[in-house]
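Visitor: I'll drop the sequence and a predicted model, then ask my questions.
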Amino acid sequence: MASSRSRRMSTSLATLITLAGAAGLSWWGAQSAAQFIETRSRQDVTLALATAGQDWVQVETNGLQVRLTGTAPTEVDRFRAVTQAGSVVDSSRVVDDMTVASRDAMVPPEFKVELLRNDDGISLIGLVPAKTDREALVRSLRTETAAPKVTDLLESAEYAVPEGWADVLAYGQRIAQMTPRAKISIAPGEVQVTALADSRAEKGRLEAELKRLAPKGIKLVTNISAPRPVVAPFTLRFLIDDQGPHFDACAADTEAAQKQILDAAVRAGVDGNPTCTLALGSPTADWAGAAVPAIKAVAALGKGSVTISDADIALIAPEDVPADTFAEVVATLEQTLPSVFSLQAQHEEKNDATQGPAEFAATLSSDGRLSMRGRIADQQMREAVDSFARARFSTVSGNLRGDASMPSGWTVRVIAALEALDGLANGTITVTPDLIELGGTSGDPRATERAAASLSRRLGAGADYQLAIRYDRWMDAALALPDGQYCVDQLNIVMSESEIGFEPSKSTIAGDPAPTLSRLAGIMQDCADYQIEAGGHTDSQGSEGFNADLSRARAQALLKAMSDAGIDTSNMTSRGYGESQPIASNDSEAGREENRRIEFRLLSESPVRNEPLPAPVVLEGVTSDASANAETAQPDVTAEQGRAMAYGPQLPTTESQESDGDADPAPVSTAPATLGVTEQFQTLDEREENLRLPVQTPDADTPRPEKRPDDEDGADETTAADETAE
């Protein structure tokens with residue numbers, strides 16, 4: 001019995017041991033398989049992600065699960081990582097524990113506002129930060145610009161506001177106030193302006209004002225254009241004289257005509273790059289058809305001039321041109337000209353007659369003061385000239401003497417000369433029965449053209465005149481050249497922001513001055529003609545004499561560094577002020593640092609002219625047959641007609657105002673001159689009849705019309721009297 005129980009217990013134990021061993025073997029096999037799968041899955045997924053450039057992903061395995069962690073640069077990168085892992089193992093095993101980088105750490109979009117303004121209103125297009133007060137922006141534009149409407153087409157984005165955004169946006173609004181027709185592109189740190197100005201001078205003034213108002217650190221890019229000027233009469237004057245072939249005035253109606261005219265001038269011997277103004281006002285579409293053969297005619301003569309004033313052409317040849325050559329050239333030109341043009345040809349003859357005593361002279365100073373002297377036919381003519389002069393110039397004085405022997409038409413010549421002088425900044429005129437001489441300086445590169453056109457309009461295309469007008473770029477408002485104080489202010493701003501320093505108690509520049517010198521060079525490009533002083537200053541440490549010498553040496557060192565950097569310092573001087581002009585207290589280190597400085601100072605408001613002004617263009621001609629002896633062909637004008645020339649017809653009769661040189665009578669008007677009828681096709685006889693027309697004189701209570709500004713090209717408007725006379 002006992003033996004039987006013992007055998008049964010041995011069998012059961014063996015069974016248990018066998019089952020336990022089998023279970024252990026199964027567990028060990030499962031563990032080994034799980035570890036293999038985990039390791040293999042981690043290796044495969046890691047390799048796949050690294051191959052795809054997703055090496056920012058960390059891969060962990062837990063049994064069959066594949067856990068992905070890490071920070072994805074974008075949501076797209078996170079999605080791509082999950083997809084890449086799912087291509088290696090079953091996607092159901094992939095656990096996504098990745099995060100996406102915060103939007104605050106991402107690069108913001110390009111914020112930009114396009115502000116478009118025209119006569120219909122203002123449109124705002126672009127992307128702005130969400131914190132931008134768009135309602136305030138629209139309200140400000142509507143209030144400050146008086147635009148008919150402001151259309152907000154902006155979009156916004158939740159990103160940080162760029163540095164300086166408020167300043168650049170306010171600057172763009174300011175530009176919109178100043179430019180009624182413009183496209184203003186506003187971006188962080190930069191504003192681009194594309195605009196249309198009313199005139200060349202307005203273009204220069206606008207560019208200068210935009211630069212002046214630009215906030216610190218904002219780059220301004222401008223592209224401002226002006227419309228073509230209106231030239232009346234449409235004038236071209238080409239000469240070959242002792243100075244060689246050249247234009248005095250040249251206008252073209254199209255680019256094709258401009259090219260034809262300039263090519264003809266080059267073939268005629270003009271050196272360099274001649275210019276011809278694209279303008280409005282051509283009397284015919286075939287302007288080049290007359291200009292080109294006219295230039296060829298002068299070239300064939302070898303000497304002489306041709307003036308085209310609207311449809312009138314005056315060809316003048318000097319006396320040394322052979323008569324048969326002159327006749328042949330005139331015949332060829334007459335056959336070539338378009339039918340609308342009329343030719344007046346004059347072959348100069350030697351005249352040994354001495355010049356008579358009849359003369360009128362006037363001088364215009366830079367401050368607008370006109371001084372006149374000479375002879376006038378009688379008191380009425382004197383009053384007519386005086387009235388015209390006071391209408392054109394700010395202050396008039398002089399001594400005009402009555403002389404009944406003056407030739408007929410004398411006052412017309414005097415007034416025409418004064419009108420041409422009005423286009424200059426300063427100058428002189430001399431009028432004789434045979435010649436009008438005009439010389440002076442102007443800031444308008446087309447001043448000679450305007451003077452020629454003015455004289456041609458008043459006296460005819462064949463008028464005998466001589467012009468000697470210099471162009472001075474410092475007087476040209478369109479160039480927007482800075483004044484001296486602006487230059488000094490900009491130089492001092494650069495120095496206040498500069499990192500230029502000096503070694504202790506020495507004049508040797510420490511550090512890299514290149515960035516500062518680069519900024520100084522940009523300013524000095526337009527400022528080198530001004531006399532500017534570089535003054536050195538120190539703190540109060542050290543003796544007074546040592547500080548004076550040290551400050552002077554440092555100022556000299558800066559000028560030398562500027563000169564070595566290619567900056568023109570020929571008009572700059574240096575001076576040492578030592579400790580004599582502190583701008584802060586010397587009791588603290590901060591104050592002493594402020595006192596150690598170099599400061600620029602303007603020595604003269606007028607620029608230094610290192611080079612002489614360009615030689616004036618001198619024109620000489622002889623009045624053609626049709627306009628010869630203009631003093632007899634044109635009758636003189638009455639005092640009322642002289643006033644009409646100055647003010648227009650609605651002018652009350654006033655008592656005569658005589659200028660004796662002791663006092664300057666108050667100006668009676670500032671109206672521009674207006675002759676009666678100056679039709680381009682009128683003969684001198686017709687003009688004579690127009691001058692004889694009576695002038696309407698209203699009651700004394702009738703107010704005098706205010707001055708009307710001249711056109712861009714200097715042409716006057718046509719008054720009601722013109723239409724009546726016509």
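Guide: In hand now; what should we look at? Residues are numbered from 1 along each chain as shown.

Visitor: how about low-confidence regions in the stretch 351-500 of the chain?
Guide: For the stretch 351-500 of the chain, residues meeting the criterion pLDDT under 70 lie at 351-357.

Visitor: Might you list the low-confidence residue ranges for the protein?
Guide: 1-34, 102-107, 350-357, 609-726.

Visitor: how's it carved up into domains?
Guide: As assigned by automatic domain parsing, the chain contains the domains 2-103, 112-225, 235-347, 360-474+615-725, 484-602.

Visitor: which stretch among the ones you listed comes nearest Val608?
Guide: domain 484-602 (5.1 Å; CB to CB). C-betas here are computed from N, CA, C, even on glycine.

Visitor: okay, the domains of the chain in TSV with distance to Val608 next?
Guide: Shown next, in TSV, are these (distance: least, CB to CB, whole Å):
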stretch	distance to Val608
domain 2-103	59
domain 112-225	21
domain 235-347	27
domain 360-474+615-725	10
domain 484-602	5
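
Visitor: ok now do the nearest residue to Ala182 once chain neighbours are set aside, which residues does it touch?
Guide: Closest residue to Ala182 apart from its sequence neighbours, by CB to CB, 6 or more residues apart in numbering: Ala195 at 3.7 Å. Ala195 makes contact with Thr179, Arg181, Ala182, Lys183, Leu206, Thr222, Asn223, Ile224, Ser225, according to CB atoms under 8 Å, 6 or more residues apart in numbering.

Visitor: Buried among these? Need that as a selection in PyMOL.
Guide: Per 16 or more other CB atoms under 10 Å, the buried members of the contacts of Ala195 correspond to this PyMOL selection:
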select buried, resi 179+182+183+206+222+224
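
Visitor: Now do the helices in the stretch 451-600 of the chain.
Guide: 484-497, 514-524, 544-564, 589-595 (DSSP state H, counting those that start in this stretch).

Visitor: okay, those in CSV with distance to Glu348 next?
Guide: Shown next, in CSV, are those (distance: least, CB to CB, whole Å):
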stretch, distance to Glu348
helix 484-497, 49
helix 514-524, 51
helix 544-564, 55
helix 589-595, 73
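
Visitor: Mean neighbour count for the ones you listed - can I get that in a markdown table?
Guide: Below are the helices of the stretch 451-600 of the chain laid out as a markdown table (neighbours: other CB atoms under 10 Å):
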| stretch | mean neighbour count |
| --- | --- |
| helix 484-497 | 17 |
| helix 514-524 | 17 |
| helix 544-564 | 18 |
| helix 589-595 | 14 |
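
Visitor: among these, which is nearest Ala101?
Guide: Short answer: helix 514-524, nearest of these by CB to CB, at 35.6 Å.

Visitor: Mind giving me the packing neighbours of that closest one?
Guide: Identification of packing neighbours for helix 514-524 by 3 or more CB pairs under 8 Å, 6 or more residues apart in numbering; DSSP states H and E yields helix 484-497, helix 544-564.

Visitor: try 6 Å
Guide: Under the contact criterion of 3 or more CB pairs under 6 Å, 6 or more residues apart in numbering; DSSP states H and E, helix 514-524 touches helix 484-497.

Visitor: burial measure for Glu163, as a count.
Guide: Counted with other CB atoms under 10 Å, residues neighbouring Glu163 total 11.

Visitor: Can you classify it by secondary structure?
Guide: At Glu163, secondary structure determined by DSSP: H, G, I helix; E, B strand; the rest coil is coil.

Visitor: how far away is it from Ile493?
Guide: Noted for Glu163: a distance of 20 Å to Ile493, by CB to CB, to the nearest Å.

Visitor: what's across from Thr428 in the sheet?
Guide: Under DSSP bridges, the beta-bridge partners of Thr428 are Thr363, Gly439.

Visitor: pretty sure it contacts Phe360?
Guide: No: counting by CB atoms under 6 Å, Thr428 sits too far from Phe360 to count as a contact (11.3 Å).

Visitor: Settle it for me: which of those two has more neighbours?
Guide: A direct count of neighbours by other CB under 10 Å for Thr428 and Phe360 places Phe360 higher, at 24 against 16.
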